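Trainee: below are the sequence and a predicted model for it; my questions follow.
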Amino acid sequence: MRIVKSIVCLILSLSLLAGGAAVAYARENSIRYFITNNDYYLGDADCDENVTVSDVTAIQQELAGFDLPVFNDRAANVDGGDLDISDALNIQRYVARFDDQLGIGSLIKVGSDEYESELIP
Ligand SMILES: [Ca+2]
Ligand SMILES: [Ca+2]
């Protein structure tokens, strides 16, 4: 089983180089997946390339200990520090079109050479 997980992890890592295929694969197969070193939109916790109320829900579920298939903790943590309910509230304010001074919805470029993924059993 460990070898299978390692192979899947390797495939997902390589898939990141080709785009969002890894995220799609993780969703289709209910594999818990964190993007740890890839470009992302600030606030896009559920990795669908949009910042919506679904990201607020994803953060709330993550904080409640749900086993989400896809979650980007970097994208979710919009105000720094720890991931907490204030991140969800800030995204809610952004979705409601309140003033945003955190850059929510902005594309965050992490780097082009270092792609890394982590598969959580
Ligand atoms: Ca999203
Ligand atoms: Ca935070």
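Mentor: Received it, and whenever you're ready, just let me know what you need. Ligands and ions are numbered 1, 2, ... in the order given.
Trainee: give me the below-cutoff pLDDT ranges for the protein.
Mentor: 1-20, 22-23, 32-37, 111-121 (pLDDT under 70).
Trainee: redo that, cut-off 50
Mentor: Residues of the chain meeting the criterion pLDDT under 50: 6-7, 9-19, 112-121.
Trainee: now do the strands in it.
Mentor: With DSSP state E, the ranges of strands along the chain come out as 33-35, 40-41, 107-108, 117-119.
Trainee: stretch 83-92 near ligand 1 at all?
Mentor: No. Judged by Cβ under 5 Å from the ion, stretch 83-92 stays clear of ligand 1, getting no closer than 9.1 Å. Placement of C-beta: from N, CA and C, glycine included.
Trainee: what about that stretch and ligand 2, touching?
Mentor: Yes. Judged by Cβ under 5 Å from the ion, stretch 83-92 comes into contact with ligand 2 through Asp87.
Trainee: list the buried ones in that stretch?
Mentor: Leu83, Asp87, Ala88, Asn90, Ile91 (16 or more other Cβ atoms under 10 Å).
Trainee: closest to ligand 2 among those residues?
Mentor: Ranked by distance to ligand 2 (Cβ to the ion), the buried residues of stretch 83-92 are led by Asp87 at 4.3 Å.
Trainee: residue numbers of the chain in contact with ligand 1?
Mentor: Counting by Cβ under 5 Å from the ion, the residues of the chain near ligand 1 are Asp44, Asp46, Asp48, Asn50, Asp55.
Trainee: neighbours of the closest residue to Phe71 other than its chain neighbours, how many?
Mentor: In space, Phe71 comes closest to Glu62 once its chain neighbours are excluded; the distance is 5.5 Å by Cβ to Cβ, 6 or more residues apart in numbering. Other residues near Glu62 number 19, with proximity taken as other Cβ atoms under 10 Å.
Trainee: where along the chain do the helices fall?
Mentor: Counting by DSSP state H, the chain has helices at residues 2-17, 21-28, 53-63, 73-76, 85-95.
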